[in-house]
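# after the sequence you'll find the predicted model.
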Protein chains: 2
Amino acid sequence: MHPELKIQPLRYVLAIVDEGGFHAAARHLHRTQPALSMAVRELEQRLGEPLFEKGGKATLTPFGAYCLPRFRELVTQHDRVSRDLVARVEKRAGHIDMAAVPSVASRLMPRLLSDFIQRYPDLRVSLHDGNADFVGRMVAGGEVDLGISSLWQADAELDFYPLMRDAIGVVCREDHRFADRQALSWQELQGEVLIRNGTSRLLSGTGAEPLLAQSAFDISNMISLNAMLEAGIGITTLPRLAFPEECARLRFVPLSEPYVERQIGLICRVDVSLSPAAAAMRQHLVEHLGEQTREADKPS
Amino acid sequence: MHPELKIQPLRYVLAIVDEGGFHAAARHLHRTQPALSMAVRELEQRLGEPLFEKGGKATLTPFGAYCLPRFRELVTQHDRVSRDLVARVEKRAGHIDMAAVPSVASRLMPRLLSDFIQRYPDLRVSLHDGNADFVGRMVAGGEVDLGISSLWQADAELDFYPLMRDAIGVVCREDHRFADRQALSWQELQGEVLIRNGTSRLLSGTGAEPLLAQSAFDISNMISLNAMLEAGIGITTLPRLAFPEECARLRFVPLSEPYVERQIGLICRVDVSLSPAAAAMRQHLVEHLGEQTREADKPS
DNA sequence: TAAAATGATAAGGTCTTCTTATCACCCTGC
DNA sequence: GCAGGGTGATAAGAAGACCTTATCATTTTA
């Protein structure tokens, strides 16, 4: 029906008009003059009507004059699209977007990222943090290449590669009666002032749930939580990784019976390829975290 | 800098997405499936990032999803331009736009056009009429392919091919004293009521000019002019071709001393190619009018 | 009138882009 | 479990697009 115009010959025509001749255009395009002659002839017979006058000079026919602005428009849009796409590729090529839960982001990532950019000095990383739900949504929505989080629920859209296990324990002040215990069972927590926090839902479905249900506080902000614990207002449960080690007056006591842990792992979209940079990051994370499973607290 | 995207592969990508697979798209495009595979691979490495997921199925990568609307936009515009251009070619291919002075348009063109469309039944002709100035402007402005007119002034933009000569004469009613004369000289017109008309300026620069300068009327409309002549109000001068032969009561008497004629010819833009159809028309006109020069009235 | 510059053309090489034939894989149904 | 029909990927070869060098025919310039 309608012919398939290639962009190149259109560009030639524009150059011939703009430069005022085949030779000048050829020089400008780093091509030889016959190349333009032939390309133009090809285009002309594809359109069914000449674009340039036959008489020696590079003058447009009326039809050619009619075509020119359309050619220019088409070439311009082509270049705009092309430039936009490579810009996106190049921007994303050296860039990794990640999301992680705060404990991982603040405890593990600094050293991991520092090692990573030492290995790949040209890559850039953006790290967002938020709760497990947030991380999951970021990955699922494609806003982020990789996520590091605990598995909060199965999702057919997401792949989960377990990296490490993180045992839940009790956090209390150094002068608390639990402070020097090596382990605790849930029953012993009866009667304590238990503060819920963002990680408490990890315990839902375990024997610890009823205990948490009667807790008086629910503090999601870690700074506030630390302050309350240091003030001796109560105790809380946290995964060991989330335990604020910089607070010298707090102690972490692993729990058992039942033993509860969270599984921390790498999340990415299933059936969606990673950029080379993101794949390198995943590789790096698996290498550095894969073996190191926090099972120290697990009862033998 | 930015890669040269060809339209074809973009079209392939769209088809693969729309048809839901390489095979279906290949069938739809009348290509084989490997052709699409390879074209897509080529495009991918030109962009520097894959468009489809590797895993067997024809699923877009996030980058591919980003590209898709831009591809579609570009292909759509390409098709719009392509379709528009060939439509114009096809419309103009079988179409000739002409302009002629009224005498030619009404006296010569009917038979010429009738012969012409008999020779080329597929071609269509538009004929505009107006004075010589109008015809010249139509041709020069490219609004018309060919013009038939007297040469009113040299114009470097226009080519003039003389076709026929048309002698100026006096037109009067059958009962006028000039009516049965075989010839007249300008001097004999002294004292007559002379009506100027649109063709009178053909006489400027000749000995007849002073006579016309003192004329009382200037009638540009041929119908009005005929009415005045038939009413016996006066006489006028006209080229023979413009003499209204359908008016039985009017007579045409050639003038001499000085003999004045207008040169009627074909006008087209210099250095601008004619469409094949217009070239055929020019050929036809030259064949049918070229020999037939109205010299019968010229004094021997 | 000689020289330079224009665009057109011819022959040849290289790269692109198809084709056919085949592979490796996944899913389905018996 | 294991054919059979589906997917897309790959290899080898033919056809064509595209560019180059070399040359021609005109026109313009000096």
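That came through, no problem.
# strands along the stretch 201-300 of chain A, start to end?
Along the stretch 201-300 of chain A, the stretches classed as strands by DSSP state E, counting those that start in this stretch are A:217-219, A:235-239, A:250-256, A:261-269.
# show me which residues of the stretch 51-200 of chain A sit near DNA strand C.
Proximity of the stretch 51-200 of chain A to DNA strand C, by CB under 7 Å from any atom of the strand, involves residues A:Phe52, A:Lys54, A:Gly56, A:Lys57, A:Ala58. Placement of C-beta: from N, CA and C, glycine included.
# related to what we said a few turns ago, of all the strands of the stretch 201-300 of chain A, which one is nearest DNA strand C?
Proximity to DNA strand C (CB to the nearest atom of the strand) singles out strand A:261-269 among the strands of the stretch 201-300 of chain A, at 16.7 Å.
# got the buried residues for the closest one?
Using 16 or more other CB atoms under 10 Å in any protein chain shown as the test for burial, strand A:261-269 gives A:Glu261, A:Arg262, A:Ile264, A:Gly265, A:Leu266, A:Ile267, A:Cys268, A:Arg269.
# cool, and stretch A:76-83?
So for stretch A:76-83, counting by 16+ other CB under 10 Å, buried means A:Gln77, A:His78, A:Asp79, A:Val81, A:Ser82.
# that one near DNA strand D anywhere?
No. Stretch A:76-83 does not reach DNA strand D (CB under 7 Å from any atom of the strand); its nearest approach is 14.6 Å.
# and that stretch, is it in reach of chain B?
Yes. Interface with chain B: stretch A:76-83 contributes A:Gln77, A:His78, A:Asp79, A:Val81, A:Ser82, A:Arg83 (CB under 8 Å from any CB of the partner chain).
# helix or strand for A:Gly142, which one?
Under DSSP states H and E, no helix or strand contains A:Gly142.
# so what's A:Ser220 closest to, chain neighbours aside?
Using CB to CB, 6 or more residues apart in numbering or on different chains and skipping residues adjacent in sequence, the residue nearest A:Ser220 is A:Gly198, 4.7 Å away.
# my bad, should have said A:Gly130
Once flanking residues are discounted, A:Gly130 sits nearest to A:Ala99: 6.5 Å by CB to CB, 6+ apart.
# burial count for the nearest residue to A:Glu157 once chain neighbours are set aside?
Spatial nearest neighbour of A:Glu157, excluding adjacent residues (CB to CB, 6+ apart): A:Ala140 at 5.4 Å. Number of residues near A:Ala140 (other CB atoms under 10 Å in any protein chain shown) recorded here: 17.
# wait, A:Ala140 touches A:Phe134, no?
No. In this structure A:Ala140 lies outside contact range of A:Phe134 using CB atoms under 8 Å: 10.8 Å.
# so who does A:Arg72 touch?
By CB atoms under 8 Å, 6 or more residues apart in numbering or on different chains, the contact set of A:Arg72 is A:Leu14.
# go through chain A and flag its longest helix.
Under DSSP state H, the helix in chain A containing the largest number of residues is helix A:62-93.
# that older thread, for A:Phe243, state which of the buried residues of strand A:261-269 is nearest.
A:Arg262 (12.8 Å; CB to CB).
# how about the backbone phi and psi for the residue nearest to A:Gly130?
With angles defined as degrees, to the nearest 10, A:Ala99 sits at phi -140, psi 150.
# what's around it, how many residues?
A:Ala99 has 26 neighbouring residues, counting by other CB under 10 Å.
# does it touch A:Asp129 like I think?
Yes. Counting by CB under 8 Å, A:Ala99 touches A:Asp129, with 6.8 Å between them.
# tally of neighbours for A:Ala35?
14.
# and it, how far is that from A:Arg11?
Remark: distance between A:Ala35 and A:Arg11 (CB to CB, to the nearest Å) = 12 Å.
# all the helices of the stretch 201-300 of chain A, in order from the start?
Ranges of helices in the stretch 201-300 of chain A, per DSSP state H, counting those that start in this stretch, are A:209-213, A:222-230, A:276-289.
# figure out which of those is closest to chain B.
The closest of the helices of the stretch 201-300 of chain A to chain B is helix A:276-289. By CB to the nearest CB, the value is 8.8 Å.
# quick one: check that closest one for contact with chain B.
No. Using CB under 8 Å from any CB, helix A:276-289 stays clear of chain B, with a minimum separation of 8.8 Å.
# now do that helix: distance to the chain's middle.
Relative to its parent chain, helix A:276-289 has a centroid offset of 12 Å by CA atoms, centre = their mean, to the nearest Å.
# show me which residues of the worst-scoring helix or strand of chain A on mean pLDDT are buried.
Least confident helix or strand of chain A, by mean pLDDT, DSSP states H and E, is helix A:209-213 with a mean of 79. For helix A:209-213, burial by neighbour count (16+ other CB under 10 Å) applies to A:Leu211, A:Leu212.
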